[in-house]
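Student: model this:
(chains A and B)
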Amino acid sequence: MICDFCKKNKATIHLIRVQNDNVEKVNICAGCAEDFNFFSEDDFYKDLTKILYKIFKADEGQQNGIRELKNLKNIEIRKNRSCSFCGMDLENIRKLGKMGCPNCYREFKNILLPIIKAIHKNIEHRGKIPENTTGQIKLEKSIRDLKNRLNREIFVENFEEAARIRDEIRQLEKNIYE
Amino acid sequence: MNDSRNFLSGDEPETGNLDGNSIILSTRVALARNLANHKFPSSSTLDERTQIIRTVQNCMEGMDGLPEFHFHRLSRLTRVQRHMILDDYQIDEEFVSKLSGRALLLSPRLSLKDSAISILLCWDDHIRIQVSSQGSCIEEGYAVASKIEKLLESRLSFSFDKEWGYLTANPADLGTALEVSIMTHLPAIAISPEIADFIKNLTKVGCSISGFSGINSEIIGNLFMISSSKTLGKSEEEIVEEMQAICLNIIEEEENSRKKLVKKDLLGAKDNVYRSYGLLKYAKILSFDEALELLSILRLGLDLGIVEKTRDFDLFELINIISDSHVISNFEIEGPVSDDDIDLKRADLIREKVLEE
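Tutor: Okay, the predicted model is just below:
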């Protein structure tokens, strides 16, 4: 079977999803799968369900134990420190459930990271960026947007458009490194 | 006579013409921003907050393309005025608990059909742009909020982090700092056994659910406020699209539950609807919560076409009109007002608006 994306190589990965009475199939060659950044090499061959989950953005569920982490009131304080800009200390942040200033995020990054991860299940901003940001961040943002669009086109099996977007991403990535 | 025959025959009535409007009552889109290099309101002094309010006010002066806004300092409004604003602009009650160093910018509306645009200054965050509209208007609401944000951004610098997006006082709002909430009226789901799964599924897709009057409030009148709660790792467009899809799902599920209800227990449903009708018609005093419960069932009766002698009414508008503050201001009750006074007027008002004489 030929790959749905490049229409050249032999497809070695076949994904099937059955939902109610709908059956969706995708056939991909290893090269394209890597291009489209579906999954990291680590879990590439590990477990089909895991890959399926990732591709179809299936629900990873309210996982056990995460709930307790979801609140600033549960941050772990080994040694109380205060922010050098606003003077808010960790004890107070825990008590109020709020940060004191933008700088708090920088100073207490490591402590906040697990909580932010638990709340959002994600730690990377993918939304809008301020108009006045510099070129590099803007470029990175356009690449992220394109990658999202790419995933969507793949999802609706519009592979021609997907291939076009992939090329666009490559071009932009080139620009970043040059 | 004719009435009662119909009543017992068990004929399946038409499930009214549902455009989803009696299910999705209203939409609220909120966008939070903080000025760069300033403390968040919770850790700043009164002077600092006043300064921030002034900065934002100054920047908005003479700005092209911005809707008209009226400036209000909460501490200078009466209690009734404050509550009216909160009701009209769908502002969480928490906002009025502390008054000093906070301000509100309200865009005047000609009618309830217009969307209510407000900018809250120095609440949790320096700036919170809120657009609330009747029915399901997520995309439109976001477009308005985003336009205002863009205009403000042209003159103000917002605190932003490459990784974590727009920084907010509460880490739960980080990233897009965008929250979309829909007020839904789900009388059939609420009494069905599927309610548990329904709520579980909504939380699974990252929504939080609360009652009519905001966070942590109880569910009254089968009104569920469903809000998007994930702000990091999704773009604004994705959040908007997801909430739109969720709206459609909710409408479908409620419609299915209504069909099932009619099929399984039509007599029970009619009984319930007419009991509510009876109470609304003859009760002398009605608290807000009780009125909401009764009106919810009456609205269901109208949607299912199983109640007569009732005028078609918009649940969202009516809820607004019968709130304590609106009743007080409408009837110009003077001097000290007792709860009974308000409840009496409310019962009259509902009869006047909804029930035919």
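Student: Check which helix or strand the closest residue to chain A within the stretch 251-357 of chain B maps to.
Tutor: Using C-beta to the nearest C-beta, the single residue of the stretch 251-357 of chain B nearest to chain A is residue B:252, 13.8 Å away. The way it works is simple: take the backbone N, C-alpha and C, and place the C-beta from them, glycine included. According to DSSP states H and E, residue B:252 maps onto helix B:236-282.
Student: and the residue of the stretch 251-357 of chain B closest to chain A, how far is that from residue B:206?
Tutor: The gap separating residue B:252 from residue B:206 is 19 Å, by C-beta to C-beta, to the nearest Å.
Student: likewise residue B:113?
Tutor: Counting by C-beta to C-beta, the gap from residue B:113 to residue B:206 is 31 Å.
Student: where exactly do the strands run in chain B?
Tutor: Assigned by DSSP state E, chain B shows strands spanning B:24-33, B:70-73, B:103-106, B:116-121, B:127-134, B:160-161, B:165-166, B:178-185, B:207-210, B:223-228.
Student: Can you tell me which helices and strands the third one packs against?
Tutor: In other words, strand B:103-106. Counting contacts by 3 or more C-beta pairs under 8 Å, 6 or more residues apart in numbering or on different chains; DSSP states H and E, strand B:103-106 packs against helix B:46-60, strand B:70-73, strand B:116-121.
Student: Count the residues that sit near the closest residue to chain A within the stretch 51-200 of chain B.
Tutor: For the stretch 51-200 of chain B, the residue closest to chain A is residue B:165, as judged by C-beta to the nearest C-beta, at 3.1 Å. By the criterion of other C-beta atoms under 10 Å in any protein chain shown, residue B:165 has 24 neighbours.
Student: That one: what's it in contact with?
Tutor: A:125, A:127, A:129, B:174-177, B:231-232 (C-beta atoms under 8 Å, 6 or more residues apart in numbering or on different chains).
Student: circling back to that earlier point, between residue B:113 and residue B:206, tell me which one has more neighbours.
Tutor: residue B:206 (19 against 11).
Student: What sits closest to that one if chain neighbours are left out?
Tutor: With C-beta to C-beta, 6 or more residues apart in numbering or on different chains as the criterion, residue B:206 has its nearest non-adjacent residue at 4.2 Å, and that residue is residue B:230.
Student: ok, that neighbour - contacts?
Tutor: A:119-122, B:206, B:239.
Student: Distance check, it against residue A:99.
Tutor: From residue B:230 to residue A:99 the distance is 18 Å (C-beta to C-beta).
Student: Give me the pLDDT for the residue of the stretch 251-357 of chain B closest to chain A.
Tutor: pLDDT, residue B:252: 94.
Student: swap in residue B:51?
Tutor: Residue B:51 is given a pLDDT of 94.
Student: cool, the one 4 residues further on as well?
Tutor: What the model reports for residue B:55 is a pLDDT of 95.
Student: Please apply the same query to residue A:28.
Tutor: On pLDDT, residue A:28 comes in at 76.
Student: thinking it is in contact with residue A:13, fair?
Tutor: Yes. The criterion here is C-beta atoms under 8 Å, and residue A:28 meets it with residue A:13 at 4.7 Å.
Student: Compare those two (neighbour count), which wins?
Tutor: For residue A:28 versus residue A:13, neighbours defined as other C-beta under 10 Å are more numerous around residue A:28 (23 against 18).
Student: can you tell me how far that one sits from residue A:4?
Tutor: 6 Å.
Student: Same question for residue B:33.
Tutor: Going from residue B:33 to residue A:4 by C-beta to C-beta gives 43 Å.
Student: Name the residue in the two with the higher neighbour count.
Tutor: Counted by other C-beta under 10 Å, residue B:33 and residue A:4 do not tie: residue B:33 has more neighbours, with 23 against 18.
Student: so what's the more buried one up against?
Tutor: Contacts for residue B:33 (C-beta under 8 Å, 6+ apart) come out as B:125-129, B:149, B:152-153, B:158, B:166, B:177.
Student: In ChimeraX, select just the buried ones from these.
Tutor: Buried members of the contacts of residue B:33, defined by 16 or more other C-beta atoms under 10 Å in any protein chain shown, are picked up in ChimeraX with:
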select /B:125,126,127,128,129,149,152,153,158,166,177
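Student: Could you export the contacts of residue B:33 as a markdown table, including pLDDT?
Tutor: Shown next, in a markdown table, are the contacts of residue B:33 (pLDDT from 0 to 100):
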| residue | pLDDT |
| --- | --- |
| B:125 | 94 |
| B:126 | 96 |
| B:127 | 96 |
| B:128 | 95 |
| B:129 | 96 |
| B:149 | 96 |
| B:152 | 94 |
| B:153 | 93 |
| B:158 | 94 |
| B:166 | 95 |
| B:177 | 96 |
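Student: Of the contacts of residue B:33, which is the nearest to residue B:284?
Tutor: Taking C-beta to C-beta as the measure, residue B:284 sits nearest to residue B:128 out of the contacts of residue B:33, at 40.8 Å.
Student: which residues does the closest one contact?
Tutor: Neighbouring residues of residue B:128 by C-beta under 8 Å, 6+ apart: B:30-33, B:119-121.
Student: Return the closest of those residues with respect to residue B:188.
Tutor: residue B:30 (28.8 Å).
Student: right, and residue A:172 touches residue A:142 too?
Tutor: Yes. Using C-beta under 8 Å, residue A:172 makes contact with residue A:142 at a distance of 6.2 Å.
Student: Now the closest residue to chain B within chain A: closest residue in space that isn't a chain neighbour?
Tutor: Residue of chain A nearest chain B, by C-beta to the nearest C-beta: residue A:122 (2.6 Å). Nearest residue to residue A:122 in three dimensions, chain neighbours excluded: residue B:233, at 2.6 Å (C-beta to C-beta, 6+ apart).
Student: Give me the neighbour count for the one you found.
Tutor: Neighbour count of residue B:233, defined by other C-beta under 10 Å: 19.
Student: Let me see the contact set for it.
Tutor: Here residue B:233 is in contact with A:120-126, B:175 (C-beta under 8 Å, 6+ apart).
Student: In PyMOL, how would I select just the buried ones from those residues?
Tutor: Selection of buried members from the contacts of residue B:233 for PyMOL, criterion 16+ other C-beta under 10 Å:
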select buried, (chain A and resi 120+121+123+125+126) or (chain B and resi 175)
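Student: can I get the contacts of residue B:233 in JSON lines with distance to residue B:226, secondary structure and pLDDT?
Tutor: Putting the contacts of residue B:233 into JSON lines (distance: C-beta to C-beta, whole Å; DSSP: H, G, I helix; E, B strand; the rest coil; pLDDT from 0 to 100) gives the following:
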{"residue": "A:120", "distance to residue B:226": "18", "secondary structure": "helix", "pLDDT": "87"}
{"residue": "A:121", "distance to residue B:226": "19", "secondary structure": "coil", "pLDDT": "84"}
{"residue": "A:122", "distance to residue B:226": "21", "secondary structure": "coil", "pLDDT": "81"}
{"residue": "A:123", "distance to residue B:226": "25", "secondary structure": "coil", "pLDDT": "83"}
{"residue": "A:124", "distance to residue B:226": "25", "secondary structure": "coil", "pLDDT": "86"}
{"residue": "A:125", "distance to residue B:226": "24", "secondary structure": "coil", "pLDDT": "88"}
{"residue": "A:126", "distance to residue B:226": "22", "secondary structure": "coil", "pLDDT": "86"}
{"residue": "B:175", "distance to residue B:226": "19", "secondary structure": "strand", "pLDDT": "94"}
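Student: What is the longest helix along chain A packed up against?
Tutor: The longest helix of chain A (DSSP state H) is helix A:135-155. For helix A:135-155, the elements it packs on are helix A:159-177, judged by 3+ C-beta pairs under 8 Å, 6+ apart.
Student: Could you pull out the buried residues of stretch B:60-71?
Tutor: In stretch B:60-71, counting by 16+ other C-beta under 10 Å, buried: B:60, B:66, B:69.
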